[in-house]
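> structure for the following, please:
(chains A and B)
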Amino acid sequence: MSHLDDHFDEVTGLLYLERQLDEGRVREVSTHLASCAACRELLRALESEGVWLRQALLAEDEPIPARLIAAPERDGANWGWIASFGLAVGGAYTLWSGFVEPWLAQASQAGFTQGNLLTMLFFSGAFWKGWDVMRSLTQFLAVATLGTVAVWLLRKQWRRFTAIAFVMGALVCALALPPSAQAADVERGNPSYTLPAGQEVKNDLIVTAAQRTRIDGDVDGDLIVFSNVVTVSGHVKGDIICFAQALRVDGPVDGNVRVWAQNLTLNGPIGKNVIAGAGAMELGQKAVVGGTMTFFSGATDLNGRVSGDLLSFGGDLEIDGVLGRDATIRGDRLTIGPSAQIGGKLKYEGSRQPDISPSAKLAGPADITIRHRGPDYASPRYYWHQVLFWGAAFLLGLVMLLVAPGFSSDAVHASRRIGPALVFGLVFGIATPIVAILVCFTIVGLGIGIAGLLLWAIAVYSAQVITASWLGEKLLGAGVGVGGAIGRLALGLGVQQVLMTLPYVRWMAFFAIIAWGLGALVLAIYKRMRPQAAAAA
Amino acid sequence: MDRHSTTEAMSEAELAQVLSQVRAGDADAWGELYRRYAPAIFRFCRRLLPAREDAEDATTEIFMKVRQKLGTYDSSRPFTAWLYKVASNHCWDTLRRRRIRQDLETGDLDTLPLEHPDPGQLERLQTEHTSKEVRTGLAKLPDRARMALVLRYYADMSYDEIADTLGVRRAFVGVLLLRARHQLRDALSESGAGAQRASAGGKS
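Here you go, the predicted structure:
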């Protein structure tokens, strides 16, 4: 424009409109405006732009989020942290004394003397030599704690999704970087594999075969097999680790046998321990287990000899063989035949009275506990337990309300969409553990699988808190403040607890509550991650 | 436009009574104060901070500060002015912690065009873009430019208050506002041109 000498500039126009010019300058501009159409037009446009900007910024197109409905309480977060810290300490102690320690004791009893829980649970040596060094429980907990602290510290600086992804990634990397593996011979059956008699593998042998695997030769190391039907008649100088439809071991094994199979038959001598999960299992008459035997099995016949302790969980167990030391058995039915001998204490807990032959040789009287199926409505203890369950769920809800009020509120809000919440809850409730277990079968996926299962278990338990808040809101009405939310939670949990004790409907109520609450949690998580994911894209 | 337009009407006497009750520790009065002002403060934060979750967190934190600092509030001043001052300081601190301010005060005058903008083009921008598009465009602006526009046209702050919040000279506020308007015009023009290109591409 060529009128710079005559017209005022845009800044002056804006300051004039916003009454920010001194009196002298205002007079000059006003005088100029009276004779200049172009400047009048500019001022009109600037003024109109100002109004337009105000309207755009003041437009109330977005409702206040549910988490902001209640006014923040003074020191609320501190109480939340104190409560959660106390609960965390209590929970850690309870977890250790009630779960980890007994399992470590049982693991030790079963021959796992390293004191390594994860090693015991996931047969670490089978997957990767050196994992047991890396993955001690202490290290795992240390990494998890560091991860939690890192998320907390980074949550203000980074987008949540990025921070969580980073920490989870680091966690997985930390778990997936074990010391270098020892070499092993890897054989892929197509579709079957046979190690002929007379041949010897001077190493660990890993076999994957879709149909059948026969090991008639010797293995001077561990034998690791993923196959449909597996028969071992050769000499295995290390451990046998096997995932199969059916496994039969007729040859000698110098190390341990660790198996997950539908049908398991052990006929040969086994130098160390047996740990097995099986639909049906038989320890043949000629079989001798040098160490302990631990198994989860639907139906089991023990006709051979076990030198160490026996630990059994499952359905039916029949013992006709010799147990050198203590036997701890939990199951539906126990039969001890006339030729059975038990050298240590016999402890049985089950739903039926065991059938013990008078001819059987027991070292002492059996310690028998008969537990009833379903709730014992006549027992005051049952109701006391319900109160305890209510208290535990209430504490969890309290922590969620105090530590993550926004997320809790979002989840309760999501639970109002009953249909989608139920559908999502069913899908995630069923699919997540399946996927997590499948992921666990891969080497690098183990950490992700375990983390997924833990998160799934926490989410399932937390689901009742969400539905209880919804129920409390329906009964008491929506209100403002943490006090009201706690009252609604307490009442809702109480009603739910009653529903879950009623005959006939309790299982239906239980599954509905879990699916519904889980779905609401999933929807709330999705809502929180969606903007970050979109921005990242 | 007055700041009170962003909140539910509350008479001065009513507000004074509520504030007095809050100072005395009345939880119900605190809930009432929060209920009246939280939506406006949330929207204020929403326009200043990049993500919805940031705005939610900021709203909670601002009200925690308000409760702590209520004793320092001078009741001769409008409460909303004080409230927006606390909110804007909090949001500005949040933004400042996240990144180093790149736009410096010096030299800005030279970058402003001295020519009159085309009034017709300005009017076209106003008719072609919805309020939502304006807020989307606003989100693309540098932090200080966005802050300036929101403080002036949402929170209705004076030039003195804006200068104090942003730590600039008062005389620079007008320049800052005009520059922000230019940047918003450019952002909207670009998004409009982008939409037209996408539309033309879709048709071909």
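> what about stretch A:48-65, distance to the chain center?
45 Å (CA atoms, centre = their mean, to the nearest Å).
> typo on my end, it should be stretch A:274-287
That offset, for stretch A:274-287, works out to 30 Å (CA atoms, centre = their mean).
> what is the rounded mean pLDDT of that stretch?
Stretch A:274-287 shows a mean pLDDT of 90 in the predicted model.
> low-confidence ranges, the stretch 51-200 of chain A, go.
The model of the stretch 51-200 of chain A has pLDDT under 70 over residues A:61, A:73-184.
> shaky segments in chain B?
Short version for chain B, where the test is pLDDT under 70: B:1-10, B:98-116, B:192-204.
> so how many other residues sit close to A:V423?
As a burial measure, A:V423 scores 14 neighbours (other CB atoms under 10 Å in any protein chain shown). In this view, the C-beta of every residue, glycine as well, is placed from N, C-alpha and C.
> try B:V150
27.
> next one: the one 3 residues further on
B:Y153 has 25 neighbouring residues, counting by other CB under 10 Å.
> and A:W507, by the same measure?
Neighbours of A:W507 under the rule other CB under 10 Å: 9.
> so A:V387 sits in a strand?
No - going by DSSP: H, G, I helix; E, B strand; the rest coil, the assignment for A:V387 is helix, not a strand.
> and chain B, what are its domains?
Domain assignment of chain B by automatic domain parsing yields the ranges B:3-98, B:108-203.
> anything in the last one near chain A?
Right, domain B:108-203. Yes - using CB under 8 Å from any CB of the partner chain, we find that domain B:108-203 touches chain A at B:112-117, B:119, B:122-123, B:125-126, B:131-132, B:134-135, B:138, B:149-150, B:153-154, B:159, B:173-175, B:177-178, B:181, B:184.
> buried subset of these?
When the residues of domain B:108-203 next to chain A are checked for burial by 16 or more other CB atoms under 10 Å in any protein chain shown, the buried set is B:116-117, B:119, B:122-123, B:125-126, B:134-135, B:138, B:149-150, B:153-154, B:159, B:173-175, B:177-178, B:181, B:184.
> residue nearest the centroid of chain A?
Nearest residue to the geometric centre of chain A (CA atoms, centre = their mean): A:L454, 1.5 Å.
> what about that residue, helix or strand, and which?
Mapping A:L454 onto the secondary structure by DSSP states H and E places it in helix A:446-476.
> after that helix comes which helix or strand?
helix A:482-499.
> for that following helix, buried residues please.
Quick answer for helix A:482-499 (16+ other CB under 10 Å): A:482, A:484-486, A:488-497, A:499.
> circling back to that earlier point, out of the buried ones among the residues of domain B:108-203 next to chain A, which sit inside helices?
B:119, B:122-123, B:125-126, B:134-135, B:138, B:149-150, B:153, B:159, B:173-175, B:177-178, B:181, B:184 (DSSP state H).
> which residue is the nearest non-sequential neighbour of residue 48?
No chain was given, so I picked chain A. B:Q126 (6.3 Å; CB to CB, 6 or more residues apart in numbering or on different chains).
> chain B was what I was after
Nearest non-adjacent residue to B:L48 (CB to CB, 6+ apart): B:C91, at 4.5 Å.
> hang on, isn't the one you found packed against B:C45?
Yes - contact criterion CB atoms under 8 Å: B:C91 and B:C45 qualify, at 5.9 Å.
> so what sits against both of these two?
B:A58 (CB atoms under 8 Å, 6 or more residues apart in numbering or on different chains).
> which positions in the helix holding A:L454 come out as buried?
Buried residues in helix A:446-476, counted by 16+ other CB under 10 Å: A:446-453, A:456, A:459-460, A:462-473.
> same question for stretch A:430-443.
A:T432, A:P433, A:V435, A:A436, A:V439, A:C440.
> what distance do you get for the first one to A:A421?
Pointing back at A:T432 there. From A:T432 over to A:A421 the distance is 16 Å, taken as CB to CB, to the nearest Å.
> ditto for the fourth one
Counting by CB to CB, the gap between A:A436 and A:A421 amounts to 21 Å.
> which pLDDT value goes with A:L266?
Reported pLDDT for A:L266: 95.
> point out where the stretch 251-400 of chain A drops to low pLDDT.
Scanning the stretch 251-400 of chain A for pLDDT under 70 picks out A:373.
> in it, which residue sits nearest chain B?
A:M400 (16.2 Å; CB to the nearest CB).
> picking that back up, how far away is the residue nearest to A:S48 from A:G24?
32 Å.
> for A:G217, same thing?
According to CB to CB, A:G217 stands 108 Å off from A:G24.
> name the residues that touch stretch A:416-426?
A:414-415, A:463, A:470, A:512, A:514-520, A:522-523.
> rerun that using 6 Å as the cut-off
By CB atoms under 6 Å, 6 or more residues apart in numbering or on different chains, the residues outside stretch A:416-426 that reach it are A:S415, A:A515, A:W516, A:L518, A:G519, A:A520, A:V522.
> tell me which parts of chain A are close to chain B?
A:1, A:9, A:11, A:14-15, A:20, A:41-42, A:45, A:49, A:52-54, A:56-57, A:59, A:64-65, A:68, A:71-72, A:74, A:480, A:531 (CB under 6 Å from any CB of the partner chain).
> between A:G217 and A:G24, who's got more neighbours?
A:G217 (18 against 8).
> what's the closest non-adjacent residue to the more buried one?
Closest to A:G217 by CB to CB, 6+ apart is A:Q199, at 3.8 Å.
> that older thread, separate out the buried members of the residues of chain A next to chain B.
A:9, A:11, A:14-15, A:20, A:41-42, A:45, A:49, A:52-54, A:56-57, A:64-65, A:68, A:71-72, A:480, A:531.
> okay, and which of those residues map to helices?
Checked against DSSP H, those include these in helices: A:11, A:14-15, A:41-42, A:45, A:49, A:52-54, A:56-57, A:531.
> so who does the residue most central in space within chain B touch?
For chain B, B:V150 is the residue whose C-alpha lies nearest the centre (CA atoms, centre = their mean; 2.5 Å). B:V150 is in contact with B:R47, B:L48, counting by CB under 6 Å, 6+ apart.
> count the neighbours of residue 35 for me.
I went with chain A, as the question did not name one. Using other CB under 10 Å: A:S35 sits among 9 other residues.
> my bad, chain B
16.
> distance-wise, check it relative to A:E41.
B:R35 sits 45 Å away from A:E41, going by CB to CB.
> re earlier: quick check: the farthest pair among the ones in helices among the buried ones among the residues of chain A next to chain B?
Distances among those were taken as CB to CB; the most separated pair is A:E41 and A:P531, at 41.6 Å.
> now do the SS call for the residue nearest to B:L48.
helix.
> then the one 4 residues further on?
Using three-state DSSP, the secondary structure recorded for B:L95 is helix.
> quick one: A:R330 is in a strand?
Yes - counting by three-state DSSP, A:R330 falls inside a strand.
> specify the beta-bridge partners of it.
For A:R330, the beta-bridge partners under DSSP bridges are A:F313, A:E349.
> my guess is it meets A:E349, correct?
Yes - in this structure, A:R330 is within contact of A:E349 by CB atoms under 6 Å, at 4.9 Å.
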